[in-house]
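Please find the sequence and the predicted model below.
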Amino acid sequence: MQKLGLRKKRAGFAIVSVALGVIVVTTVNSLMEGVRDVATKTMWSEELDKDVIRIYATDNPYEDMPGVEGKKAQTKNHYQYLTDAIFDEMRGWTEVEAADRPVLVDNVSVDAFANRPRPVSQVNGVPDALLRRYVMDVSLLASSSNAIPLVVGERNVRLRFDEKTKKLELDPSTNSWIGRDVMITVGDNFTSLPRFRYDYKKRQFEEVTEEEMATAREGLDRNLRNAYDLTIYRTVLSLKGKVVGLCPGNDVLMPLDMAELCEKWLDQRRQLASLVPPASSGERATSYEEGGRRAPRPGEFREGIVVVKPSANVEAVAKRIEDMGFYVATRQRTFENQVKAFDAAMHVVKKVLFAFGGLILGLACGLVWSTTSRIVSDSRVDIGLFRALGATKTDVRRLFLTESVLLGMLGTFVGMVIGWVLAVGISHWVINFARRSVTDPEEMLLLPNSIFSADLRFSLLLLTGAAVVSLLAGWLPAGRAAKVDPVKALKRE
């Protein structure tokens, strides 16, 4: 009984040691795929159309942690700004449907979004070729001759605030926005003020009170008063619009010519209201930094947008533009950059954790070998009795190898179950932490309910590997057991 108790303890230690290493490996592997999906699922790739190339005269803002070699290859002596001549050259390419500069109109509000979770604070002017791709009913363009056609990002309309439940809920009537008449207010200085905040105790979003909004407006007025005449700067321009389509992301798109007119109106208002005279063109032209001239001259632009024909190769056109000396961004490149950035950051973490788990498994294999060896030493009399009763050397070897493999397999199975349970707990904690950290209502839609995933193929490989390693660990002790002389063993007893 004493020997049997010690034997059970040794087997238990072997199982626990194997399980500890498997817990680390299983937990890491069960969470990595989910974490990668969350890390790479960003608005950056969502906001880029698959047939659109964004061009930048400076660094590409959609690049996330590029590699050292790629960064060296992209280094340029001076920035080359985009011009109308360059856009004309791109328009002549057979693969290109449209090429122009995008126009960003800031300080814009749309009355239909006044009670929506995400306020509309800017509108993007894009070429008509891109705008028409999102139009769901072409007849709306003809019927909106006296209104500006707008394409609204789906993320702007998917959530609504329920006044009764005081919660943000998915809006089932998303398509009802098509054809809706709206009023656009250009020059609204307060449109970017948030209307919702997250209550961490109640774990829900709440509407900002009127008193808080008034305080925020006063603070914004104080900041603007130092640079502008508020009597002029509060002047707004009201325009009629019509929603003609929905696009991915949260952008609001309008025709390029309309956006240019709004841009001119805002620029004239700013110059009239500015208390500080703008820098002269001569000063801007001679302003340099490491990358070259800091500010573009009149007729030069920092950004461009190219709409590629659906049948054309987007990456080939992007490479052609890149060879001209510009930075480009496409949906495929942006997603790949996100994946590379995550893989680069997680490679070291995964390597360390797997090395730690491998170290524990190595120690566990040594413990399995030691346990099997000790069992063989304690069972010499039993081995002699088996041999005397007719058991062959193969039978004895098979007996101890089976016990060794069972120890490894049982430890692996227990470790996988505990690792899965631990990974589910960590997943639950990470998602709750992310939801507490996110303050943008629309960002909540990107968070999954869990980042846990059970890889059955990996589990089967782990069980198979544990069986093979345990077999190798028990091979020498089992071989010694098979060589035991039954006469000497029974005589010693």
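Nice, thanks for sending it over.

so what's residue 254 up against?
Counting by Cβ atoms under 8 Å, 6 or more residues apart in numbering, residue 254 touches 105, 123, 124, 125, 126, 131, 148, 149, 150, 151, 241. Bear in mind the C-beta positions are built from the backbone N, C-alpha and C, glycine included.

which stretches of the stretch 51-200 of the chain have low pLDDT?
Within the stretch 51-200 of the chain, the segments meeting pLDDT under 70 span 62-79, 143-145, 200.

On the C-terminal side of the top strand by length along the chain, identify the next helix or strand.
Ranked by residue count under DSSP state E, the longest strand found in the chain is strand 237-247. The helix or strand immediately downstream of strand 237-247 is strand 252-255, counting by DSSP states H and E.

Please list the outside residues in contact with the helix or strand just after that next one.
Note on strand 252-255: by DSSP H and E, the next helix or strand toward the C-terminus is helix 256-273. Residues outside helix 256-273 that contact it (Cβ under 8 Å, 6+ apart) are 100, 102-108, 123-128, 148, 186-187, 228-233, 235, 237, 239, 278.

and stretch 312-323, average pLDDT?
For stretch 312-323, mean pLDDT rounds to 92.

Equivalent analysis for stretch 223-236, please.
Stretch 223-236 shows a mean pLDDT of 88.

can you give me how far it is from the chain middle?
Relative to its chain's centre, stretch 223-236 lies at 39 Å (Cα atoms, centre = their mean, to the nearest Å).

same check, this time on stretch 465-479
Its chain's C-alpha centre and that of stretch 465-479 lie 43 Å apart, by Cα atoms, centre = their mean.

Could you export it as PDB, CA atoms only?
Taking Å, rounded to 0.1, in the frame of the first residue of the first chain, the C-alpha atoms of stretch 465-479 are listed here in PDB:
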ATOM      1  CA  GLY A 465       2.600  15.300 -29.800                       C
ATOM      2  CA  ALA A 466       2.000  14.500 -26.100                       C
ATOM      3  CA  ALA A 467       1.600  10.800 -26.900                       C
ATOM      4  CA  VAL A 468       4.800  10.700 -29.000                       C
ATOM      5  CA  VAL A 469       6.900  12.600 -26.400                       C
ATOM      6  CA  SER A 470       5.500  10.500 -23.500                       C
ATOM      7  CA  LEU A 471       6.300   7.400 -25.600                       C
ATOM      8  CA  LEU A 472       9.900   8.600 -26.000                       C
ATOM      9  CA  ALA A 473      10.200   9.500 -22.300                       C
ATOM     10  CA  GLY A 474       9.100   6.100 -21.200                       C
ATOM     11  CA  TRP A 475      11.100   4.100 -23.800                       C
ATOM     12  CA  LEU A 476      14.300   3.700 -21.800                       C
ATOM     13  CA  PRO A 477      12.600   2.700 -18.500                       C
ATOM     14  CA  ALA A 478      10.300   0.300 -20.400                       C
ATOM     15  CA  GLY A 479      13.400  -1.200 -22.100                       C
END
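
doesn't residue 161 fall inside a strand?
Yes. The assignment for residue 161 is a strand, going by DSSP: H, G, I helix; E, B strand; the rest coil.

CA atoms only: put the longest strand of the chain into CSV for me.
C-alpha atoms of strand 237-247 as CSV (Å, rounded to 0.1, in the frame of the first residue of the first chain):
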residue,chain,number,x,y,z
LEU,A,237,-24.7,78.8,-44.6
SER,A,238,-27.9,76.6,-44.9
LEU,A,239,-28.2,74.3,-47.8
LYS,A,240,-30.8,71.7,-48.8
GLY,A,241,-29.7,68.1,-49.3
LYS,A,242,-31.1,64.7,-50.1
VAL,A,243,-29.8,61.2,-49.0
VAL,A,244,-29.3,59.2,-52.2
GLY,A,245,-27.2,56.3,-50.9
LEU,A,246,-25.2,54.5,-48.2
CYS,A,247,-21.5,53.8,-48.0
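
same for it, what does it pack against?
Packing partners of strand 237-247 (3 or more Cβ pairs under 8 Å, 6 or more residues apart in numbering; DSSP states H and E): helix 139-143, strand 148-153, helix 154-157, strand 181-186, helix 256-273.

Looking at residue 258 now. What's its pLDDT?
93.

JSON lines for the helices and strands packed on strand 237-247, including distance to residue 213?
As requested, the helices and strands packed on strand 237-247 are exported to JSON lines (distance: least, Cβ to Cβ, whole Å):
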{"stretch": "helix 139-143", "distance to residue 213": "34"}
{"stretch": "strand 148-153", "distance to residue 213": "24"}
{"stretch": "helix 154-157", "distance to residue 213": "20"}
{"stretch": "strand 181-186", "distance to residue 213": "16"}
{"stretch": "helix 256-273", "distance to residue 213": "23"}
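
Would you tell me which one of these is buried the most?
Mean neighbours per residue, mean count of other Cβ atoms under 10 Å, is largest over the helices and strands packed on strand 237-247 for strand 148-153, with a mean of 24.

Partner strands of that one, with direction?
Paired neighbours of strand 148-153 in the sheet (DSSP bridges): strand 237-247 (parallel), strand 252-255 (antiparallel).

Can you get me a residue count around residue 126?
Per other Cβ atoms under 10 Å, the neighbour tally for residue 126 reads 27.

ok, the nearest residue to it once chain neighbours are set aside - contacts?
Nearest residue to residue 126, sequence neighbours excluded (Cβ to Cβ, 6 or more residues apart in numbering): residue 253, at 5.2 Å. For residue 253, the contact set (Cβ under 8 Å, 6+ apart) comprises 123, 124, 125, 126, 130, 131, 134, 150, 151, 247.
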